[in-house]
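> Sharing a model prediction with you, sequence too.
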Amino acid sequence: MIIELRKKSQITIPKEIVDSLSLQEGDHLDIILKNGVIHIEPVAVYSKRYIERLEKTVMRIQEEPSKYSNGPFTSIEDMIKYLEAEDDDMESSDEEKK
């Protein structure tokens, strides 16, 4: 597929590619140059605080696996819902201790 570089170095990603990757307006893409080839990859962007909470949750599950009966998950969305619920539980517990 050949596309044209436009003013201000803009390109249009062909609709077939957008549809096949389920991309939507506002999605983030990472673009790198490697060995003379441009690579564009969809990425998810999360806050540093969210990543830190995710790491803490994963470490707890690894340290105490017998306490957790959930998983493996059938989708990323299911895993994220589980982790967000766990995070809410952790925040409630922290507030009760205060």
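Right, received. Where do you want to start?

> Can you tell me how far the residue nearest to the spatial centre of the chain is from Ile76?
Nearest to the mean C-alpha position of the chain, by Cα atoms, centre = their mean, lies Ala44 at 3.7 Å. Ala44 sits at a distance of 9 Å from Ile76 (criterion: Cβ to Cβ, to the nearest Å). No exception for glycine: its C-beta is placed from N, CA and C like everyone else's.

> And for Gln24?
16 Å.

> Equivalent analysis for Lys34, please.
To Ile76, Lys34 is 26 Å away according to Cβ to Cβ.

> start to end distance for stretch 3-10?
10 Å (Cα to Cα, to the nearest Å).

> Identify all contacting residues around that stretch.
11-14 (Cβ atoms under 8 Å, 6 or more residues apart in numbering).

> What remains of these if I keep only buried residues?
Among the contacts of stretch 3-10, none scores as buried (criterion: 16 or more other Cβ atoms under 10 Å).

> Make a markdown table from those residues and add secondary structure and distance to Ile80 to it.
Formatted as a markdown table, these follow (DSSP: H, G, I helix; E, B strand; the rest coil; distance: Cβ to Cβ, whole Å):
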| residue | secondary structure | distance to Ile80 |
| --- | --- | --- |
| Ile11 | coil | 31 |
| Thr12 | coil | 31 |
| Ile13 | coil | 26 |
| Pro14 | coil | 30 |
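
> Nothing else from me, thank you.
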